[in-house]
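Engineer: Sequence first, predicted model second:
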There are 2 protein chains.
Amino acid sequence: MISVEKALQTVLNSTQNFGVEEIPFIKSFGRILKEEITADRDFPPFNRVSMDGIAVDFNEFSSRLRSNKQLSFNIEGIQAAGSKQITLKNSENCIEVMTGAVLPNNTNSVIRYEDVTIENGVATINIDAINDGQNIHIKGKDGAVGDILIPQNTKISAAEIGVLATVGKSFVKVAKQPKVMIVSTGDELVGVDEIPLEHQIRRSNVFTLVSLLERLNIPSETAHITDDKQVLKSKIESYLQEYDVLLFSGAVSKGKFDFLPEVLDELGVEKLFHTVAQRPGKPFWMGTTKTCTVFAFPGNPISTFVNCLAYFYPWYYKSVGLELNEETAILGEDVTFKPNLTYFLQVKLEREKGFLTAFPILGNGSGDLASLVKTDAFIQLPSDKIEFKKGEVYPIVSYR
Amino acid sequence: MISVEKALQTVLNSTQNFGVEEIPFIKSFGRILKEEITADRDFPPFNRVSMDGIAVDFNEFSSRLRSNKQLSFNIEGIQAAGSKQITLKNSENCIEVMTGAVLPNNTNSVIRYEDVTIENGVATINIDAINDGQNIHIKGKDGAVGDILIPQNTKISAAEIGVLATVGKSFVKVAKQPKVMIVSTGDELVGVDEIPLEHQIRRSNVFTLVSLLERLNIPSETAHITDDKQVLKSKIESYLQEYDVLLFSGAVSKGKFDFLPEVLDELGVEKLFHTVAQRPGKPFWMGTTKTCTVFAFPGNPISTFVNCLAYFYPWYYKSVGLELNEETAILGEDVTFKPNLTYFLQVKLEREKGFLTAFPILGNGSGDLASLVKTDAFIQLPSDKIEFKKGEVYPIVSYR
């Protein structure tokens, strides 16, 4: 049995590279960027009008102001957004300009409509102070051509989608997702649309795992294998060839039909560890081949659930190059836990005034799937303590 | 011009009911549950063995212990998970039992393999104290048939998917998503795969909106309309018939080609407000018909972005019945903001020791799309103050 810390370190030392693929940018939401995105031109690409109004020559405005001349300007034309740049021919005149338009030649300040009266083709300015260059978003101010706008290994959110569109990256390089097979074992399990007999229950762990992976935008396939060693062996043999990751639920404990560790060993999967000093989720088995990583979680629903969050998630993040800070919360109540095990305790999270507090909700052990509905996360209480006090801060793994 | 508080209240008073649909449970991740999920049987449905080992009659064990008899039990049989309940015929014997199995008749305590030695069909117990009923997950302990396992209006996470599977809800009722059309305007805009001329830029706002909606699992369609009043009018007229929600970006300010408010008025859309006392995003226009809600956001990228988060998001949550607590963060630096406007300030969030701190990152105004890559959220600083101090707590709207 190894510690949670050692198990996690082992998991993180066994990351895989799934490669890179190029996909339409609009499909890349939630994926991990695998190229640097640079500015294809200056941003903004021209001196851009940022207010609807009139554009004038600042010197003309200033000299009229000094000599007390009236601040009326004949309107020479309109510079609309999306039109070629026009030129102010006579500096005593002005040009109407729209937000998003190119600033007309020979003008250098924009006065917004709110500060102007327009009558019979003449714009009269109603304020007596303007700044040279006002209401203009200067070419290149947000970034020069070639500047890095999005660094590699960024998780793509709506913000990055907008930048990808702006620089014309209609296709973008992202980390390939692993090809994942999720396998349940256990002869007591029947399908979701079946009516179980007295001694049977429906399959659920594979579906929670599918959903936990969907949260990471990872598609997955599922299978169920009966507790028959030969069947198990022949199916897993082909899965090991075909998939990057196998996630198992069940058949790793001490039961007479818990063939999985034995079968994986016989198939040449190198065991990295079996059983971790934690509750729930202790009989967790992990191993690798050259091309496949195998996470074999214990079959109790909470065990499978917490181990996917505590081990598969960080393994995936590191595999695709995403650096994430550990999330922590403040314990909302005193907790006593005597076993010399790391305790993954279910908690309800409350966010208030910038604090994140975790309130323990006791379920009925690792079989109590329904208790997960009442909580948001697990707080990770270390094995070297027995008393955990309200107000202390510990890592959490959250699933909402 | 109305305040942000008033605008939000107006938005929340105009929610829509998109109806309910029944979908396969495995597709319901992220959706809002529109029925109560109850237990179809007791959970667990039988007295469930929770450790691999042997099942005995506790009275027999106790009486042997009292009379110092040896704690060896002949193994009568095996109760595997998924097998019909068997019966211990002779209370001096035991039955090997597997995790997940039905507890055999006439037994009431399970001793795990770790505490037992098995030789020649005889199990000898190596500990001298056990509890009556130990290592058994009692029928109905997690919930009785008919208990509510998931309340209506829950957002479905992996936990709920597991429960849906367990109770056999292969189809589940969820809130229908609104049918959304996202429209950009502006003659300066060209497609993502086009090379813009000097005075043009690529479309980006529609794609950030598509992604912000994808975060809510809402599919959407997009269109671009040129700055031509007649074209705008005829297209919008049909969109109003066809969609639950129209999201516009641009053409709501004071420019000569900002036809949108006029056109919407002519088409009978009732204006709820136009211009909100905020920066960025001030010229926001909102209106409704009997069947359609129209959010017309200003065209600057940051304006569109923040208004979608600050108004469309809460409107959607309330429409589908989801109650969310306001998220807050601790301001990480002093900020001064003089205008009498609510300031949506871009911030980088840092989570440490259970605290959420927001560090302001100044961009170059509402046109600086690339600045969104460097931040995670907007902190909402109210209009009635000028000085905001490090350590004060304010609401945030986050987008990662």
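Structural biologist: Received it, and whenever you're ready, just let me know what you need.
Engineer: Tell me which residue of the stretch 151-300 of chain A lies closest to chain B.
Structural biologist: A:Asp187 (3.0 Å; Cβ to the nearest Cβ). (C-beta placed from N, C-alpha, C; glycine too.)
Engineer: Give me the neighbour count for that residue.
Structural biologist: Here the number of neighbours of A:Asp187 (other Cβ atoms under 10 Å in any protein chain shown) works out to 19.
Engineer: Repeat that for A:Ile75.
Structural biologist: 15.
Engineer: so which strand or helix has it?
Structural biologist: strand A:72-79 (DSSP states H and E).
Engineer: With just CA atoms, put that strand into PDB.
Structural biologist: Taking C-alpha atoms only, strand A:72-79 is exported to PDB below (Å, rounded to 0.1, in the frame of the first residue of the first chain):
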ATOM      1  CA  SER A  72     -18.400  75.300 -36.500                       C
ATOM      2  CA  PHE A  73     -17.100  72.900 -39.200                       C
ATOM      3  CA  ASN A  74     -18.700  72.200 -42.500                       C
ATOM      4  CA  ILE A  75     -19.200  68.400 -43.000                       C
ATOM      5  CA  GLU A  76     -17.200  67.300 -46.000                       C
ATOM      6  CA  GLY A  77     -18.300  63.700 -45.900                       C
ATOM      7  CA  ILE A  78     -19.000  60.500 -43.900                       C
ATOM      8  CA  GLN A  79     -16.400  57.800 -43.000                       C
END
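Engineer: which helices and strands does it pack with?
Structural biologist: Judged by 3 or more Cβ pairs under 8 Å, 6 or more residues apart in numbering or on different chains; DSSP states H and E, strand A:72-79 is in contact with strand A:53-56, strand A:94-97, strand A:122-125.
Engineer: try 10 Å
Structural biologist: Packing partners of strand A:72-79 (3 or more Cβ pairs under 10 Å, 6 or more residues apart in numbering or on different chains; DSSP states H and E): strand A:53-56, helix A:58-66, strand A:94-97, strand A:116-119, strand A:122-125.
Engineer: now the residue of the stretch 151-300 of chain A closest to chain B, nearest residue through space, not along the chain?
Structural biologist: Distance criterion Cβ to Cβ, 6 or more residues apart in numbering or on different chains; nearest residue to A:Asp187, sequence neighbours excluded, is B:Gly82 at 3.0 Å.
Engineer: now the one you found, what's its secondary structure?
Structural biologist: Look at B:Gly82: counting by DSSP: H, G, I helix; E, B strand; the rest coil, its state is coil.
Engineer: In TSV: the helices and strands packed on strand A:72-79, plus mean pLDDT, distance to chain B and mean neighbour count.
Structural biologist: TSV is the format used below for the helices and strands packed on strand A:72-79 (pLDDT from 0 to 100; distance: least, Cβ to the nearest Cβ, whole Å; neighbours: other Cβ atoms under 10 Å in any protein chain shown):
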stretch	mean pLDDT	distance to chain B	mean neighbour count
strand A:53-56	97	8	27
helix A:58-66	93	20	15
strand A:94-97	97	7	28
strand A:116-119	96	10	13
strand A:122-125	96	13	17
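Engineer: could you dump these to JSON lines with distance to B:Thr15?
Structural biologist: Below are those laid out as JSON lines (distance: least, Cβ to Cβ, whole Å):
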{"stretch": "strand A:53-56", "distance to B:Thr15": "37"}
{"stretch": "helix A:58-66", "distance to B:Thr15": "49"}
{"stretch": "strand A:94-97", "distance to B:Thr15": "39"}
{"stretch": "strand A:116-119", "distance to B:Thr15": "40"}
{"stretch": "strand A:122-125", "distance to B:Thr15": "43"}
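Engineer: Looking at those, which is nearest to A:Val245?
Structural biologist: Of all the helices and strands packed on strand A:72-79, strand A:94-97 sits nearest to A:Val245, with 56.5 Å by Cβ to Cβ.
Engineer: helix or strand right after that closest one?
Structural biologist: strand A:109-112.
Engineer: How far away from the center of its chain is that next one?
Structural biologist: 41 Å (Cα atoms, centre = their mean, to the nearest Å).
Engineer: Repeat that for stretch A:205-223.
Structural biologist: 16 Å.
Engineer: Quick check: buried residues in that stretch?
Structural biologist: Buried residues in stretch A:205-223, defined by neighbour count with 16 or more other Cβ atoms under 10 Å in any protein chain shown: A:205-218, A:220, A:222.
Engineer: hmm, back to that, would you say the residue of the stretch 151-300 of chain A closest to chain B is within a helix?
Structural biologist: No: assigned with three-state DSSP, A:Asp187 falls outside any helix and is coil.
Engineer: was I right about it contacting A:Arg203?
Structural biologist: No: using Cβ atoms under 10 Å, A:Asp187 is not in contact with A:Arg203, being 11.6 Å away.
Engineer: what's the burial count for A:Asp132?
Structural biologist: 11.
Engineer: Now do the contacts for A:Asn325.
Structural biologist: When contacts are counted by Cβ atoms under 10 Å, 6 or more residues apart in numbering or on different chains, A:Asn325 touches B:350-352.
Engineer: Give me the pLDDT for A:Thr336.
Structural biologist: Reported pLDDT at A:Thr336 in the predicted model: 97.
Engineer: Torsion angles phi and psi at it?
Structural biologist: phi -120, psi 130 (degrees, to the nearest 10).
Engineer: pretty sure it contacts A:Leu362?
Structural biologist: No: A:Thr336 is beyond contact range of A:Leu362, at 11.9 Å (criterion: Cβ under 10 Å).
Engineer: quick one on the thing from earlier: give the members of the buried residues of stretch A:205-223 that are also in contact with chain B.
Structural biologist: The subset of the buried residues of stretch A:205-223 within reach of chain B, by Cβ under 10 Å from any Cβ of the partner chain, is A:205-215, A:222.
Engineer: in the stretch 101-250 of chain A, which spans are helices?
Structural biologist: All helices of the stretch 101-250 of chain A, identified by DSSP state H, counting those that start in this stretch, fall at A:158-166, A:205-214, A:229-242.
Engineer: In TSV: those, plus mean pLDDT.
Structural biologist: Formatted as TSV, the helices of the stretch 101-250 of chain A follow (pLDDT from 0 to 100):
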stretch	mean pLDDT
helix A:158-166	98
helix A:205-214	98
helix A:229-242	96
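Engineer: which stretch among those comes nearest B:Pro395?
Structural biologist: Closest among the helices of the stretch 101-250 of chain A, once you apply Cβ to Cβ, is helix A:158-166, at 19.5 Å.
Engineer: Mind checking if that closest one is in reach of chain B?
Structural biologist: Yes: using Cβ under 10 Å from any Cβ, helix A:158-166 comes into contact with chain B via A:158-166.
Engineer: Tell me how far that helix lies from the chain's centre.
Structural biologist: For helix A:158-166, the distance to the chain centre is 15 Å (Cα atoms, centre = their mean).
Engineer: And for stretch A:343-361?
Structural biologist: The answer for stretch A:343-361 is 21 Å, by Cα atoms, centre = their mean.
Engineer: Ends of that stretch, what's the gap?
Structural biologist: 13 Å (Cα to Cα, to the nearest Å).
Engineer: Could you check it and say which residues are buried?
Structural biologist: A:343-347, A:349, A:354-360.
Engineer: Closest to chain B out of the residues you listed?
Structural biologist: A:Gly354 (3.8 Å).
Engineer: does the closest one really touch B:Glu352, like I thought?
Structural biologist: No: contact criterion Cβ under 10 Å: A:Gly354 and B:Glu352 do not qualify, at 11.1 Å.
Engineer: longest strand of chain A?
Structural biologist: strand A:342-352 (DSSP state E).
Engineer: tell me the mean pLDDT over that one?
Structural biologist: 97.
Engineer: Also compute the angle for it relative to helix B:158-166, please.
Structural biologist: 110 degrees (axes from the mean of the first three to the mean of the last three Cα atoms, to 10 degrees).
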